[in-house]
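Student: need a 3D model of the following:
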Amino acid sequence: MQQQTMPVITSDEFYIRNLEKSDIEDWYAYLALPAVYELTSWSLTGPDDLIPLWVDYESDHPDSAIRFAIVDRKSDKLIGTTGFHNVSSQNMSAEIAYDLNPEFWGRGLATCCVRSTIAWAFLQLKLRRVQATVLPANRPSIGVLERCGMEQEGVLRNYRMVRGTPMDFLVYSTISK
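Tutor: Okay, here's the model as predicted:
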């Protein structure tokens with residue numbers, strides 16, 4: 001989605017920019033790592049699986065998914081993404097999604113980016129609700145959501161197929177103030 005603005009983080013080490021097609025190889029490389037793959041619902045067989053997503057992110061339709069790149073300033077390489085899917089302009093809501101290369105875990109970067117992305121959505125997209133779904137085993141992501149002020153609403157039983165198995169997901173949300 002072409003936006004005039006995007007979330008901003010204050011960091012000498014990282015920044016957020018539009019996701020580019022050239023990011024797909026780096027994105028897939030860390031999404032395929034067992035530490036990431038096992039805690040998410042991704043079901044990827046190769047970088048080409050991400051191309052349809054990237055095409056959707058380029059759409060200017062108000063309900064298209066939105067994804068930004070989290071970039072390391074030293075290498076100028078993608079190290080994570082942040083954004084939204086299940087965007088509903090009618091309901092003024094969206095589901096936040098994010099991921100981060102495990103090399104950068106434990107630095108507070110995911111929390112910083114998620115917090116900034118939520119604030120941006122309330123201000124720029126005029127959303128009233130942002131929600132997230134997360135596998136119960138993904139304790140690091142649950143911590144990010146809670147540090148960002150999101151509250152657990154409940155369990156979505158057999159909510160999504162994860163590599164052929166129906167899995168429960170926790171649902172978290174926050175609303176604009």
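Student: buried residues in the worst-scoring helix or strand of the chain on mean pLDDT?
Tutor: Ranked by mean pLDDT, DSSP states H and E, the helix or strand of the chain with the weakest confidence is helix 51-57, at a mean of 90. Neighbour-count burial for helix 51-57, with 16 or more other CB atoms under 10 Å as criterion, is recorded at 53-54, 57. For the C-beta atoms, the positions are set from N, CA and C on the backbone; glycine is no exception.
Student: could I get those as a markdown table with distance to Gly154?
Tutor: Listed next are these as a markdown table, based on distance: CB to CB, whole Å:
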| residue | distance to Gly154 |
| --- | --- |
| Leu53 | 27 |
| Trp54 | 32 |
| Tyr57 | 29 |
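Student: how about low-confidence regions in this protein?
Tutor: 1-4 (pLDDT under 70).
Student: can you name the next helix or strand after the least confident helix or strand of the chain?
Tutor: Downstream of helix 51-57, the next assigned helix or strand under DSSP states H and E is strand 66-72.
Student: just checking, what packs against that next one?
Tutor: strand 14-18, helix 51-57, strand 77-88, strand 93-100, helix 109-124 (3 or more CB pairs under 8 Å, 6 or more residues apart in numbering; DSSP states H and E).
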